[in-house]
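>>> Give me coordinates for this.
(2 chains)
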Amino acid sequence: MFWEKEIETIDRDQLHKMQLERLQATVESTSRSSYYRKLFKGKGIFPEDIKTLDDLTKLPLTTKDDLREEWPYGFLAVSKDEIVRMHSSSGTTGRATVIFHTQKDIDNWTNQLARCMYMAGMRKSDVFQNMMTYALFTGGLGFHYGAERLGALVIPAGPGNSKRQIQLMQDFDTTCIHIIPSYALHLTTVFEEVGVDPKQDTRLRIAFIGAEPHSEKMRKRIEDFYGVKAFNSYGLSEMSGPGVAFECPEQNGLHIWEDAYIVEIIDPITLQPVPDGEEGELVMTTLNRDGMPILRYRTKDLTRIIPGVCPCGRTHRRIERIKGRTDDMMILKGVNIFPIQIEKKLMGIQGVGNNFQIILERKGFNDDMIVKVEVQREYFTGDLKQLEALRKTIVNELKSDLLITPRVDLVEPESLPQTEGKAKRVIDNRED
Amino acid sequence: MIAQQISIFAENKPGRLAAVTHILAKEKINIRATTISTSDTFGVINLLVDDPKKAQKVLTAAGMMVQMRDVLAVELDDKPGGLDRLTQLLHKENINVNNAYGFVVESYERAIFVVDVDQIEKAEKLIENNNFKTLDTEGLTSAEPFHYTKY
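I've put the predicted structure just below:
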């Protein structure tokens, strides 16, 4: 059941002791980077000030902007000769940032991913098809290394080329896949097109889905179509990449690995920590990274710690699935809206297809939200009344949750732009 | 007899109808009649064609969302009161018409009226028991406009 039982089920007191030792070592090593050295000097911070874990709040928060300003080497805490690899964020929002790894960093990260996949149920005998982008994005290489460490047979398929993906699954009896959830939904139509039923004609049993926020209903759709258990994977390149937090077989929250990170949830406005159970921005400090240690990194991801212990026996706390990024938040007529809220509603409505898009427009002083929704092919009976009813249902469902009334346009299946990487859900045409 | 109409979902924007007719023209499928119902940003194109199965196949292959729908194609006298006799009958039996369209086969002689109703089997029996002729797809195909041959 456990990849590393002692660490995964570690006693909380022991964990805190380990965290303090690692934090002290991390602060010591960060002071060797030009960025933190300058900052510590300016603020009068000394590594020996960190005597307990509570002293963490004496340390400064680090933002993505800080990483950008110090691009590329300002955060490097070791000689460049020690660096064996770099990765770059996908640049979902703004300019990319670069993260450097030593060999030991890569080893730690790899082990962490093996731990995640083992936890979800993948074993040596499994065939793992990695349908993520390799290259600068951490999703592909991270899982690839982790799956090899675990001992599975790895098919480095990369993204796209949908028909070949299906062929590979059949030819090599793929049992586990790693895939972006929006692409997993898109792929369902290709399965139908080539007449392959993944439940009957493949041996798929596990899907790792991550790299973009998704709702419980989207997971259910994926599980139902593929006949798999789908596990939510969370990560960000600044914290090395995927494997930061991962679902266990309970599928109720993601264990965030506290031997590798110190986890805080803060109020994004006041920047003060909030108690467990309350929603806020996830802030993380690396504990076992030599090349580019980062203190109190503001992830911009909104979540909460799920209080209580997990029946699986792991003592590392769980975070709830990511609600959205502070960057993704749309403000419309004074109402805060996250794309995931819309997805959650849409995926629960019968007749809604696999893709949708949100368009924001401004007319005079009025902001409008247009939601384009693909209709499910099987749903259409040729009756206009039925489509009108569907549209009305969507409007009402969204209105009940968002408190504003969007315009809903029904569109043909597969007519919205499909990306192999992260789905682009929101087009903001409003000019400030 | 029951005929099949094909219904195509289309966004309400320039070029969607042209895309449909282009494919049908290329596949040499003849259109006997058409109606379009729209609802703001989208609509449904209804077509009565000579080969509905093939039409559904080729349009689906082009990525369109297509359904075959059962309709009644009723032969009427092309003269005042011809349609009224049919609609009064449907009204009397409380059958609701969702969509309807017609075309003339032979001027002042014969017309075909296509109805999409909510209780198709009941309507079919009723219509046939009242001495109306209903046509299936084959019947429709062979119902050639006679005025061509008259000349």
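>>> Please count neighbours and contacts with C-alpha atoms only from this point.
Fine.
>>> in the one helix or strand A:Q14 maps to, what counts as buried?
In this structure, A:Q14 is located in helix A:12-30 according to DSSP states H and E. Of all the residues in helix A:12-30, those buried under the rule 16 or more other C-alpha atoms under 10 Å in any protein chain shown are A:15-16, A:19-24, A:26-30.
>>> Nearest to A:D201 among those?
Closest to A:D201 out of these is A:L15 (45.1 Å), distances taken as C-alpha to C-alpha.
>>> I'd like to know how far that closest one sits from A:R314.
12 Å (C-alpha to C-alpha, to the nearest Å).
>>> could I get the buried residues of helix A:12-30 as JSON lines with pLDDT and distance to A:P60?
JSON lines is the format used below for the buried residues of helix A:12-30 (pLDDT from 0 to 100; distance: C-alpha to C-alpha, whole Å):
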{"residue": "A:L15", "pLDDT": "98", "distance to A:P60": "23"}
{"residue": "A:H16", "pLDDT": "97", "distance to A:P60": "20"}
{"residue": "A:Q19", "pLDDT": "98", "distance to A:P60": "18"}
{"residue": "A:L20", "pLDDT": "97", "distance to A:P60": "17"}
{"residue": "A:E21", "pLDDT": "97", "distance to A:P60": "19"}
{"residue": "A:R22", "pLDDT": "97", "distance to A:P60": "17"}
{"residue": "A:L23", "pLDDT": "97", "distance to A:P60": "14"}
{"residue": "A:Q24", "pLDDT": "97", "distance to A:P60": "15"}
{"residue": "A:T26", "pLDDT": "97", "distance to A:P60": "14"}
{"residue": "A:V27", "pLDDT": "96", "distance to A:P60": "11"}
{"residue": "A:E28", "pLDDT": "96", "distance to A:P60": "14"}
{"residue": "A:S29", "pLDDT": "96", "distance to A:P60": "15"}
{"residue": "A:T30", "pLDDT": "96", "distance to A:P60": "12"}
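>>> Which members of the residues you listed additionally contact chain B?
Among the buried residues of helix A:12-30, none lies close to chain B by the criterion of C-alpha under 8 Å from any C-alpha of the partner chain.
>>> As a markdown table, those residues with distance to A:R318 would be great.
Shown next, in a markdown table, are the buried residues of helix A:12-30 (distance: C-alpha to C-alpha, whole Å):
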| residue | distance to A:R318 |
| --- | --- |
| A:L15 | 15 |
| A:H16 | 16 |
| A:Q19 | 17 |
| A:L20 | 20 |
| A:E21 | 22 |
| A:R22 | 21 |
| A:L23 | 21 |
| A:Q24 | 24 |
| A:T26 | 23 |
| A:V27 | 25 |
| A:E28 | 28 |
| A:S29 | 28 |
| A:T30 | 27 |
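>>> What are the buried residues along the next helix or strand after the helix holding A:Q14?
Counting by DSSP H and E, the next helix or strand C-terminal to helix A:12-30 is helix A:34-43. Across helix A:34-43, burial judged by 16+ other C-alpha under 10 Å covers A:Y35, A:Y36, A:R37, A:F40.
>>> And the residue of chain B closest to chain A?
B:S7 (4.8 Å; C-alpha to the nearest C-alpha).
>>> could you list every residue that touches that residue?
A:T381, A:G382, A:D383, B:V44, B:I45, B:N46, B:L47, B:V66, B:Q67, B:M68, B:R69 (C-alpha atoms under 8 Å, 6 or more residues apart in numbering or on different chains).
>>> which pair in these spans the largest distance?
Farthest pair in the contacts of B:S7 (C-alpha to C-alpha) is A:T381 and B:L47. Separation: 14.1 Å.
>>> In contact with A:C176, which residues?
With C-alpha under 8 Å, 6+ apart, A:C176 has these contacts: A:M122, A:D126, A:V127, A:F128, A:Q129, A:L204, A:R205, A:I206, A:A207, A:F208.
>>> tell me which of the residues you listed is nearest to B:D136?
After measuring these against B:D136 - C-alpha to C-alpha - the closest member comes out as A:L204, at 46.1 Å.
>>> Tell me the secondary structure at the closest one.
coil (DSSP: H, G, I helix; E, B strand; the rest coil).
>>> tally of neighbours for it?
24 (other C-alpha atoms under 10 Å in any protein chain shown).
>>> Same question for B:I31.
16.
>>> which residues touch it?
B:I31 neighbours (C-alpha under 8 Å, 6+ apart): B:L47, B:L48, B:V49, B:D50.
>>> can you name the two of these that are farthest apart?
B:L47 and B:D50 (9.7 Å).
>>> Give the residues shared as contacts by those two.
Common neighbours of B:L47 and B:D50 (C-alpha under 8 Å, 6+ apart) are B:I31, B:R32.
>>> Closest one of the contacts of A:C176 to A:R318?
For these, the nearest to A:R318 is A:F208 (17.3 Å; C-alpha to C-alpha).
>>> Spell out the secondary structure type for that closest one.
Three-state call for A:F208 (three-state DSSP): strand.
>>> Same check on A:M218?
Criterion first, three-state DSSP; result for A:M218: helix.
>>> That one - how many residues pack around it?
20.
>>> what pLDDT does it get?
Listed pLDDT for A:M218 reads 90.
>>> pretty sure it contacts A:I342?
No: applying C-alpha atoms under 8 Å, one finds A:M218 not in contact with A:I342, separated by 11.6 Å.
>>> Flag every residue of chain A that's near chain B.
Contact residues, chain A versus chain B (C-alpha under 8 Å from any C-alpha): A:377, A:380-384, A:388, A:409-414.
>>> Out of the residues you listed, who's the most crowded?
A:L410 (25 neighbours).
>>> how near is that one to A:Y183?
20 Å.
>>> same check, this time on A:I337
A:I337 sits 23 Å away from A:Y183, going by C-alpha to C-alpha.
>>> Could you tell me which residues make contact with residue 50?
Going with chain A. Here A:I50 is in contact with A:Q24, A:L56 (C-alpha under 8 Å, 6+ apart).
>>> Switch to chain B, please.
When contacts are counted by C-alpha under 8 Å, 6+ apart, B:D50 touches B:I29, B:N30, B:I31, B:R32, B:T137, B:E138, B:L140, B:T141.
>>> Just to check, A:I155 is in contact with A:V127?
Yes: A:I155 is in contact with A:V127 according to C-alpha under 8 Å; the separation is 7.4 Å.
>>> Compare these two and say which is more crowded by neighbours.
A:V127 (23 against 18).
>>> my guess is that one meets A:P156, correct?
No: using C-alpha under 8 Å, A:V127 is not in contact with A:P156, being 10.8 Å away.
>>> helix or strand for the residue lying closest to A:V194 once chain neighbours are set aside, which one?
The shortest distance from A:V194 to any non-neighbouring residue, by C-alpha to C-alpha, 6 or more residues apart in numbering or on different chains, is to A:K163 (7.8 Å). Take DSSP H and E as the rule and A:K163 turns out to sit in helix A:162-171.
>>> residues of that helix that come out buried?
A:S162, A:Q165, A:I166, A:M169, A:Q170.
>>> I believe A:V190 is in a helix; please confirm or correct that.
Yes: assigned with three-state DSSP, A:V190 falls within a helix.
>>> burial count for it?
By other C-alpha under 10 Å, neighbour count at A:V190 equals 14.
>>> Same question for A:K64.
When neighbours are counted by other C-alpha under 10 Å, A:K64 registers 16.
>>> List the contacts of it.
A:K64 is in contact with A:T97, A:Y297, A:R298, counting by C-alpha under 8 Å, 6+ apart.
>>> Just to check, the second one is in contact with A:T62?
This points to A:Y297. Yes: using C-alpha under 8 Å, A:Y297 makes contact with A:T62 at a distance of 4.7 Å.
>>> follow-up on the earlier one: in strands, which of the contacts of B:D50 fall?
B:I31, B:R32 (DSSP state E).
>>> would you turn the contacts of B:D50 into JSON lines with pLDDT?
Listed next are these as JSON lines, based on pLDDT from 0 to 100:
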{"residue": "B:I29", "pLDDT": "92"}
{"residue": "B:N30", "pLDDT": "90"}
{"residue": "B:I31", "pLDDT": "91"}
{"residue": "B:R32", "pLDDT": "87"}
{"residue": "B:T137", "pLDDT": "80"}
{"residue": "B:E138", "pLDDT": "77"}
{"residue": "B:L140", "pLDDT": "75"}
{"residue": "B:T141", "pLDDT": "70"}
